[in-house]
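K.L.:
Turn this into a model:
(2 chains)
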Amino acid sequence: MAVELDVFVGNTIIMSEEVYQLWLDGYTVNDAVKVRMEGGVLDEFDAKVDVVLSDTMDQYRTFQMCERLLHSPTKLANQLLFQIPPHRQATLIERYYAFDDVFVREVLGKKLSKGTKKDLDDISAKTGVMLKSCRRQFDNFKRVFKVVEELKGPLVENIRQHFLLSDKLARDYAAIVFFANNRFETGKRKLQYLTFQDLAFCAGQLINNWTVGAVDNMVEDMDVDLDKDFLQELKELKVLITDKDLLDQHKSLVCTALRGKTKCNLNLSRGLVNIATKLTNTKDVRDFFIDLVEKFIEPCRSDHWTAADMKLYLTHYTNSAHILDTFKYQVVWDRYMGVIKSCIFKMYHD
Amino acid sequence: MPGKLKAKIVAGRHLPVMDRASDLTDAFVEVKFGNTTFKTDVYPKSLNPQWNSEWFKFEVDDEDLQDEPLQITVLDHDTYSANDAIGKVYIDIDPLLYSEAASVISGWFPIYDTIHGIRGEINVLVKVELFNDLNRFRQSSCGVKFFCTTSIPKGYRAAIVHGFVEELVVNEDPEYQWIDRIRTPRASNEARQRLIFLMSGELQRKIGLKVLEMGGNAVVGYLQCFDLEGESGLVVRAIGTACTLEKLSSGSGTHTHPNTAPASNACNSPSKDGKEPVFGEDLPSSSGPSTPFRALPTSSSSPPPFSPSKPCSRQSSSSDTDLSLTPKTGMGSGSMGKDAGPLKTLLRQQTQTALEQREFPFFTLTSFPSGFLLHVGGVVSARSVKLLDRIHNPGESSSRTHNPNVASTRRRIGVYSLCHVRGLSSSVLEEVCILSASGTAAILNPRYMREGCLDLGGSDQRFEDPSPSSCGFCHIPYDELNMPFPAQLTYCFHCRRQKVPDVLFTTIDLPSDAAIAGKGCFIQARLCRLKKKGQGEANATAISNQLPFMEYELHTQLMNKLKLRSMNALFGLRIQISVGENMLLGLASATGVYLTALPAPGGIQIAGKTPGDLNTEQHILNIQKRINDTIAKNKEFYEVNPPDLTEEVVGSPIPEPRLRSRLFRSHSESSDELSELDLSHGKKDAFVLEVDDTDAVEDIHSLLTDASPPKGFYSCNTETMPGIYNWTSALQMFTSVRVLRLSNANLSNQALNKVFTDLCENLLKSFYFKLRSMIPCCLSHLVFSVAVPEEDLIQVAVTAVAMTFDKDQTQEKPAEKPITKGCSEAEDQLQFSLELCTDSSSINSQSSSKNSVSSLEHSSPLTEGRSRSLRSSRSFGGSSVSVVKMTPLSFLPGTRIVKYVGIINMFFIRETTSLREEGGVSGFLHSFVAEVFAMVRAHVAALGGNAVVSYSMKDCVLMENPNKNQCQCLINVSGDAVIYIRETDQEVTGSTANIGLSCTSSADGAT
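P.N.:
Next up is the predicted model:
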């Protein structure tokens, strides 16, 4: 007695968020049924396996048919095939574009190419995220990347408009696109302790302050590419370590301000300025986060600084530069240190 | 040239990529009507072309306007090769032909291709300028309104109900023409789709003509069906009730007859010539409460021996079926059994005259204005088995001669009943075809009849027979002494004056003023019978021999199940028998109700045939116990109170002391008489089931396996659920199809039955599960249709609607009549009470939705009502699509229908040659059904409507060939496009103060 065909279609789309999540997570129908049965919530309804199976099948089919539309979410609102109430449209899209932090951490900064896609099974094995789900997430990244690549205007806003995502998710995608575009190295062992949210925050800082878009908001790729002129100007900061007078003056100002609360370590200063001056080099841009960790965070940690110590130090270090009479690059310094400060704050885990 | 059709192609969107190289499309559009074709310019390299064409004008006959659809074809321009078709849109322009419906068709239509499904959308504008044509001999019938709704449409008043109209059109099926061998599947599908559009247009026009002839202006309860008879051709047939409808404009009309707004229908039909319809003579032999149905024979050319009905032992279902073989040459001319009254009618119908029709008026309505029905007799049903002729020379003439054959059979069978004719369903298998029709026999109010179209405004004082409306319809319409079948008659438990039967089976909806106890319940009898494979005549004989037994068994099952739920009446009974290569399937669905006017049903008693055997006795005792438990459980679940209790509570219609004393008197009298009756009919209380062989045991087991719906769910197959009056606005219409393959070829009847029963039960269980987030909710209008598409395949298709209701107030029976059934207050008053009811219902829906969200797992099969998407359209970039609600019912809870914008009657074919890639048969059908919904919604939206009522899926024919990776499916849907407004929208001056007060009364209103 084989059920040859079993279909249930509602005038308004019929879906359960739980099943949608299972589908997104890459469960097969049978596994999903198992999960639902084990969930126990169905006990009160005394549902038999075949009933749950048929329900799951119907929903999986619906999702598969919707998937094409979800690839360009703006179509979802004015397609005629499914009648989906707006709030449900929003849920469908938001969940479809949601991703696992563990997974995205693995591909962050990698080229979104076929090559990377081939490595997805390794990533899947490593992160425990199912391969199907990995593929979906990876394709989402790629799709968003492709669409916004050629658009003018602010990155986050573009993503939000074209993919109808929430602000938070749009910002995360902006970060992913930014990382993929600049190919920041994030996979090194030293950086493993950083979560996606740490890095996304840093990306947001960079996008808001260091890109072309920070000064001019009608250029292509404005939020993806770093402002070349600014990077050039950063070279000028070298005086802070090359000019002996300036160096001493700066050091004493910092030390006075700290009043011995923490050691005033000038090597740290050297590290930060060196990072700044090298950023014209694409290779060094990629190593930006490693440099931050190696040149600043690790030394602080080996001195057992608390986050508070580190914050205090950085604040005074930044501020005292303003008092230096001969230091003429205040604007560049602020633009640079503003980002560095907030990035390090975020990346410094106690 | 009485009409000018104008069309404008505005734009397209989401077109498919037709040119792989550029990933774009060079689209243009062909607009065709009749034989005239226009083309737009090519809009190069775009998936969202903006044609913005000029107005294409077609000057055509109004006859063509009615028959032809506007055909829009979207193509991709290719410089070197032939242009590729992207897809088509057929637009039925009928709604533009009457003044009160839509004035313009404008909107986005899905571009549909029979192979690829929906491929993008196109924005079209269509208008019609119609010139008046008063020619007496015209062939068109523009202006006649069609409604699928089986009651008088809201906002209208039936001035005259003229009676039954039917028509049929036959054509050759393009799929079976020689040319089909050389053309592509796409071309063949499109030819078929277009032909059926044409045929249904023609059919509608012809019916319209008949209506005009009768002096009517509308058809209510319009039902159109297709028969695909293979090489014998393609038949489209329709029935309906011709009416003269008047629009109720607010203010006018209602004041003159304050108490009978829509109720003031009258049937002008009979007895202008002073001839009162005497149903007593004909009726009893055809129907009756305790023989709720029977198979009636139809016979043809040579009069076969026809035996008059013999009452059978228990329920006295008598049946005779003859095989009707139509000779190749001629029309079957009927013969008739002497005392088979309905049969007489049936056959006379062949040459039915207007006069005869007046004598036995037929209606295709299921709910009637109050006072229209006097007494309800019972179900009548007729089936005829027919051998189809082959068209030997597919030429005009030969197929014409063939037509009257089919036509006559259909005509003969279609007409005989008195009130509601349902069905005319047919099941075709190769050359054998079962035609069936059923209806409810009833006596209409003679006053309505005599006075014809009069206004019944002041005639509140009723007729000579002052039976209270709450029980009047249950009273027997026939002479007590002259009963053709044994029925247990008792005095009506309400008025104590008239006799009532012990059970009542009908095909109509429960009259709104009927007094009931508890809630209704969905009851289904299922039967599967094996049949030897056969050919031609022998096959037809075999089938026809089986039919009466199937009817009998279905009836027994229904009766037992009714008793098991301790109810005493069935409404909305629908019996379908389909024939397959090696089996016959019978499915009877109905809604059980406890009518307080009828006696309380006795229990079921099991009796063993072989006493003495301890084991069996123990066994029987066990079964008996289980049955008793089930009855008790059901009583509680459906809130069926003991009748003596309800008698006191509901026994409203005796306010005067005089009457009361009379009641008391009759009380004592009746108890005497009851005992007398008891003597004559044996033990009244229990319904005895004998367990004499294993089959019987199986039967009883299957009785008990019917699971009642889970808590919070109710189901029925009628328009409204008896006993629930406070609907909230959330609803979800759905279609479900299941096909089962019998893996084991050699199944016994019993095993087969079990398989079939399980299939239906599992479907119901599935619905409950899927819709659990809507609890408390009721599945209304559950319509099952079964088919045997191939050997060893059973297909069941269901369309129904789930509606939420407010749990707290379900117990109360409305003090006043439910509003939606067309009771009758002055317009302003009506509006007032409606406003009140939605106030509370919207609140309730909120609270109930909260409940359900928290109590169940996150799932929610979306309820349309809850998300107010229509207005709070949080637009996502582009223009968002307007929400179109769909329901198989004639109303939408919590809303008021303000305008009917046109009938929807669409036919689609979908075919695939890559079945596996589309997710198998299920995937294929799933997307097809979704596409059909989408196209219906788009057409409704384009007409300016925001809902479809009385939606039904008439046919769903699925043919698959998995080995070839192919599948084809045909779906026919229909409904009425309407504009509704939310009741809450009306009251801008929020009457919040009233809410608290009105809570109780409002519950009553929201039937």
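K.L.:
For the helix or strand hosting residue B:195, buried residues please.
P.N.:
Element membership of residue B:195, judged by DSSP states H and E, is helix B:185-214. Neighbour counts using 16 or more other CB atoms under 10 Å in any protein chain shown place B:185-186, B:188-212, B:214 of helix B:185-214 among the buried residues. Placement of C-beta: from N, CA and C, glycine included.
K.L.:
To which secondary structure element type does residue 89 belong?
P.N.:
All of this is about chain A. Secondary structure, DSSP: H, G, I helix; E, B strand; the rest coil: residue A:89 is helix.
K.L.:
Chain B, not that one
P.N.:
Secondary structure of residue B:89, reduced to three states by three-state DSSP: strand.
K.L.:
Test my guess that it contacts residue B:113.
P.N.:
No. With contact taken as CB atoms under 8 Å, residue B:89 and residue B:113 are classed as non-touching, separated by 10.5 Å.
K.L.:
For the residue lying closest to residue A:291 once chain neighbours are set aside, give its distance to residue A:205.
P.N.:
Of all residues not flanking residue A:291 in the chain, residue A:275 sits nearest, at 4.8 Å (CB to CB, 6 or more residues apart in numbering or on different chains). In this structure, residue A:275 and residue A:205 are separated by 15 Å, where distance is defined by CB to CB, to the nearest Å.
K.L.:
neighbour count winner among the two?
P.N.:
Of the pair residue A:275 and residue A:205, residue A:275 is the one with more neighbours under other CB atoms under 10 Å in any protein chain shown, namely 21 against 17.
K.L.:
what distance separates the helix or strand encompassing the more buried one from the centre of its chain?
P.N.:
Residue A:275 is part of helix A:266-278, with elements assigned from DSSP H and E. Computed by CA atoms, centre = their mean, to the nearest Å, the separation of helix A:266-278 from the middle of its chain amounts to 26 Å.
K.L.:
Which neighbouring elements make contact with that helix?
P.N.:
helix A:239-242, helix A:244-258, helix A:288-291, helix A:298-302, helix A:307-323, helix A:330-347 (3 or more CB pairs under 8 Å, 6 or more residues apart in numbering or on different chains; DSSP states H and E).
K.L.:
so of these, which one's packed in deepest?
P.N.:
Among these, the stretch with the highest mean neighbour count (mean count of other CB atoms under 10 Å in any protein chain shown) is helix A:288-291, at a mean of 20.
K.L.:
What ranges in chain A fall below the confidence cut-off?
P.N.:
Within chain A, the stretches falling below the threshold (pLDDT under 70) are A:1, A:40-46, A:215-222, A:260-266.
K.L.:
50 - rerun?
P.N.:
Within chain A, no stretch falls below the threshold (pLDDT under 50).
K.L.:
In it, what residue comes closest to chain B?
P.N.:
Among residues of chain A, the one nearest chain B by CB to the nearest CB turns out to be residue A:16. It sits 2.7 Å away.
K.L.:
what about that residue, neighbour count?
P.N.:
Residue crowding around residue A:16 was assessed by other CB under 10 Å; the count is 21.
K.L.:
Is the helix or strand where residue B:592 lies positioned near chain A?
P.N.:
Using DSSP H and E, residue B:592 sits within strand B:583-595. No. Interface with chain A: strand B:583-595 contributes nothing (CB under 8 Å from any CB of the partner chain), its closest point being 14.1 Å away.
K.L.:
Just the element for the residue of the stretch 401-550 of chain B found nearest chain A, please.
P.N.:
Nearest to chain A in the stretch 401-550 of chain B, going by CB to the nearest CB, is residue B:528, at a distance of 12.5 Å. Using DSSP H and E, the secondary-structure element containing residue B:528 is strand B:516-530.
K.L.:
quick one: that strand to strand B:583-595, angle?
P.N.:
An angle of 170 degrees separates the directions of strand B:516-530 and strand B:583-595 when computed by axes from the mean of the first three to the mean of the last three CA atoms, to 10 degrees.
K.L.:
what's strand B:516-530 packed up against?
P.N.:
In this structure, strand B:516-530 packs against helix B:536-564, strand B:583-595, helix B:643-650, strand B:713-715, helix B:749-770, strand B:777-787, with contacts taken as 3+ CB pairs under 8 Å, 6+ apart.
K.L.:
Select, out of those, the one closest to residue A:332.
P.N.:
Between residue A:332 and the helices and strands packed on strand B:516-530, the shortest gap by CB to CB is with helix B:749-770, which sits at 62.9 Å.
K.L.:
What residues sit buried inside that closest one?
P.N.:
Within helix B:749-770, the residues that count as buried by 16+ other CB under 10 Å are B:751-770.
K.L.:
same for the strand ranked longest in chain A, what does it pack against?
P.N.:
Longest strand in chain A, counting residues (DSSP state E): strand A:2-10. Identification of packing neighbours for strand A:2-10 by 3+ CB pairs under 8 Å, 6+ apart yields helix A:49-70, strand B:727-741, helix B:749-770, helix B:920-942.
K.L.:
that older thread, could you redo the helices and strands packed on helix A:266-278 as a markdown table and give each row distance to residue A:156?
P.N.:
What follows is the helices and strands packed on helix A:266-278, written out as a markdown table (distance: least, CB to CB, whole Å):
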| stretch | distance to residue A:156 |
| --- | --- |
| helix A:239-242 | 33 |
| helix A:244-258 | 36 |
| helix A:288-291 | 21 |
| helix A:298-302 | 31 |
| helix A:307-323 | 27 |
| helix A:330-347 | 17 |
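K.L.:
For chain A, what is the nearest residue in the stretch 51-200 of chain B?
P.N.:
Of all residues in the stretch 51-200 of chain B, the one sitting closest to chain A is residue B:110 (5.1 Å; CB to the nearest CB).
K.L.:
phi, psi of that residue?
P.N.:
Here the main-chain torsion angles of residue B:110 (degrees, to the nearest 10) amount to phi -70, psi 130.
K.L.:
In contact with it: list those residues for me.
P.N.:
Taking CB atoms under 8 Å, 6 or more residues apart in numbering or on different chains as the criterion, residue B:110 is in contact with A:80, A:81, B:89, B:118, B:120, B:121, B:931, B:934, B:935, B:938.
K.L.:
so for the helix or strand hosting residue B:246, what's the average pLDDT?
P.N.:
Taking DSSP H and E as the criterion, residue B:246 maps to strand B:234-247. Confidence for strand B:234-247, expressed as mean pLDDT, is 83.
K.L.:
Against which helices or strands is it packed?
P.N.:
Using 3+ CB pairs under 8 Å, 6+ apart, strand B:234-247 is in contact with strand B:156-171, helix B:185-214, strand B:218-228, helix B:396-414, strand B:420-429.
K.L.:
ok and that strand relative to strand B:218-228, angle-wise?
P.N.:
If you take the same axes, to 10 degrees, strand B:234-247 sits at 170 degrees to strand B:218-228.
K.L.:
can you pull out the helices in the stretch 851-1000 of chain B?
P.N.:
Under the criterion DSSP state H, counting those that start in this stretch, the stretch 851-1000 of chain B carries helices at the ranges B:920-942, B:983-986, B:992-1005.
K.L.:
Lowest average pLDDT across those helices?
P.N.:
By mean pLDDT, the lowest-scoring of these turns out to be helix B:992-1005, with a mean of 36.
K.L.:
need the least confident one among the helices and strands packed on strand B:234-247, by mean pLDDT.
P.N.:
By mean pLDDT, the lowest-scoring of the helices and strands packed on strand B:234-247 turns out to be helix B:396-414, with a mean of 33.
K.L.:
after the longest strand of chain A comes which helix or strand?
P.N.:
Counting by DSSP H and E, what follows strand A:2-10 is strand A:14-15.
K.L.:
All set, thanks.
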